[in-house]
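Undergrad: Kindly generate the corresponding structure for this input.
(4 chains)
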Number of protein chains: 2
Amino acid sequence: MKKREKISEAVIKRLPIYYHCLKWLENDGITRVSSNIISGMLNVTASQVRQDFSNFGEFGQQGYGYDVAFLKNQIAAILGLDKRYNVIVIGAGRIGEALASYKGFKNEGFDFIAAFDIDTKGRDMIGDVPLYHYDKLEEFAKDNRIDIAVIAIPAESCKEVAAFIKKLDIKSIWNFAPVFLYMGEDIAVENINMSESLFMLVYKANNLIKEK
Amino acid sequence: MKKREKISEAVIKRLPIYYHCLKWLENDGITRVSSNIISGMLNVTASQVRQDFSNFGEFGQQGYGYDVAFLKNQIAAILGLDKRYNVIVIGAGRIGEALASYKGFKNEGFDFIAAFDIDTKGRDMIGDVPLYHYDKLEEFAKDNRIDIAVIAIPAESCKEVAAFIKKLDIKSIWNFAPVFLYMGEDIAVENINMSESLFMLVYKANNLIKEK
DNA sequence: TAGATTGTTAATCGATTAACAATC
DNA sequence: TAGATTGTTAATCGATTAACAATC
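TA: Numbers count the residues shown, from 1 in each chain, chains lettered A, B, ... in the order given. So this is what the prediction gives:
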């Protein structure tokens, strides 16, 4: 992997898309692909595909294209998907429950090791994941490596919980609370903002016909 | 509202953010705001704020700024949030259940009127929303106006269900299946792709220290 | 070899930022 | 009026696309 300068957000956003595309090709038994074919499968130009990849190294061969399995692994490595991650969920409401119970994450390298809530409602598990009172989080964090904390609680307490997560020295927050969370330089945050997405959908639908 | 040419995605993506910001100001009893203050609250420049708004009209006053309530309503109207929408959920698994049960949408103008699944598991409601067998969808669509269909099913059947939704003449799809759905010009789609978001998070976390 | 396709440089396009006249 | 802040034009910055030499 080439030494990377500063890769733009736009490029990074496309990496998971390439990754999925390559996984799909691999599942189909296809071993070889060109930037042109990728361009046809996704909403990108062939030029963009080559430009994007060349940020990280030279993964292809002139006259041949790219080896699907090799390229997939390279992109996985760039994204950090060659490692496993320990994940906890804060908030055992419906969203927290859905996330903790979803079986698909394990395949991708994400192990959901615990869930926490201020009210466990008598449950001690959600799906296969042990559920603890939120009070136990600090102790749990001492005894376990936690890579990612999922926030799945109402907006009100989101910032407070995020600050606590930072204090526990967890480096990544996946935020489902309807709040745009910005935590500064030394902690990674991704916000899933459903209502923003829903509003965008409505805008798009209302402007379908007008656009040409 | 000014006659709009072609507004860029980048601008549209910021509208829901402005909207939330203004709602927040309004709740706080603040009646007046400048582009400079908005810039301070969000991750945008004052210039960008004014540039964005001016795509749709002249909402401010020199020397004064913007009236919060007025601006909020203008943006709501641009997004189409001045109307109500009928929503159905396809898939009564954990995600579908979480969405159908979430009370917050009603406030924003979204009425969840029904859910459908190929296996209702003996339930006839999820939350306050009636649950029907998927077979009943076509009939239901004849008797009811459906503005938005939420897809909350596994990846495999997503495209098929999406095609059926299109056939029913529903104009918007909010897709939670882990598939990038592209449906062409005459139907609006928003994809909530959780695994892409999770991958981005991992990339960000792995590149925190290196960046500067 | 001839054909195909990469990686990269240069050209274009679009979005963001800066600046400022207009004006409340 | 003087100060503040808009809406807009021009300048800058960055990302996308096109083109092509290198080479498998």
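Undergrad: wait, does the lowest-mean-pLDDT helix or strand in chain A make contact with chain B?
TA: Using mean pLDDT, DSSP states H and E, the weakest-scoring helix or strand in chain A turns out to be helix A:104-108, at a mean of 92. Yes - contact of helix A:104-108 with chain B (C-beta under 8 Å from any C-beta of the partner chain) involves A:104-105, A:108. For every residue, glycine as well, the C-beta is placed using N, CA and C.
Undergrad: Selecting buried members of those in ChimeraX, what would you type?
TA: Buried subset of the residues of helix A:104-108 next to chain B, written as a ChimeraX selection, criterion 16 or more other C-beta atoms under 10 Å in any protein chain shown:
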select /A:105,108
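Undergrad: how about the residues of helix A:104-108 next to chain B in CSV, adding distance to DNA strand C?
TA: Conversion of the residues of helix A:104-108 next to chain B to CSV gives the following (distance: C-beta to the nearest atom of the strand, whole Å):
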residue, distance to DNA strand C
A:Gly104, 30
A:Phe105, 31
A:Glu108, 26
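Undergrad: Where does pLDDT dip in chain A?
TA: Applying pLDDT under 70 to chain A flags residues A:1-5, A:209-212.
Undergrad: for it, what spans make up the strands?
TA: Secondary structure of chain A (DSSP state E): strands at A:32-33, A:60-61, A:65-67, A:85-90, A:110-117, A:125-126, A:129-133, A:148-151, A:172-175, A:188-191.
Undergrad: Same list (these) but as TSV, adding distance to DNA strand D.
TA: Conversion of the strands of chain A to TSV gives the following (distance: least, C-beta to the nearest atom of the strand, whole Å):
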stretch	distance to DNA strand D
strand A:32-33	12
strand A:60-61	5
strand A:65-67	10
strand A:85-90	27
strand A:110-117	28
strand A:125-126	39
strand A:129-133	38
strand A:148-151	26
strand A:172-175	23
strand A:188-191	18
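Undergrad: Need those in TSV (columns: mean neighbour count).
TA: Below are the strands of chain A laid out as TSV (neighbours: other C-beta atoms under 10 Å in any protein chain shown):
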stretch	mean neighbour count
strand A:32-33	18
strand A:60-61	14
strand A:65-67	19
strand A:85-90	24
strand A:110-117	21
strand A:125-126	16
strand A:129-133	17
strand A:148-151	25
strand A:172-175	24
strand A:188-191	20
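Undergrad: show me the contacts for A:Phe59.
TA: Residues in contact with A:Phe59 (C-beta atoms under 8 Å, 6 or more residues apart in numbering or on different chains) are A:53, A:66, A:70-71, A:74.
Undergrad: what separates it from DNA strand D, distance-wise?
TA: Separation of A:Phe59 from DNA strand D (C-beta to the nearest atom of the strand, to the nearest Å): 13 Å.
Undergrad: same question, A:Arg14
TA: Computed as C-beta to the nearest atom of the strand, the A:Arg14 to DNA strand D distance reads 8 Å.
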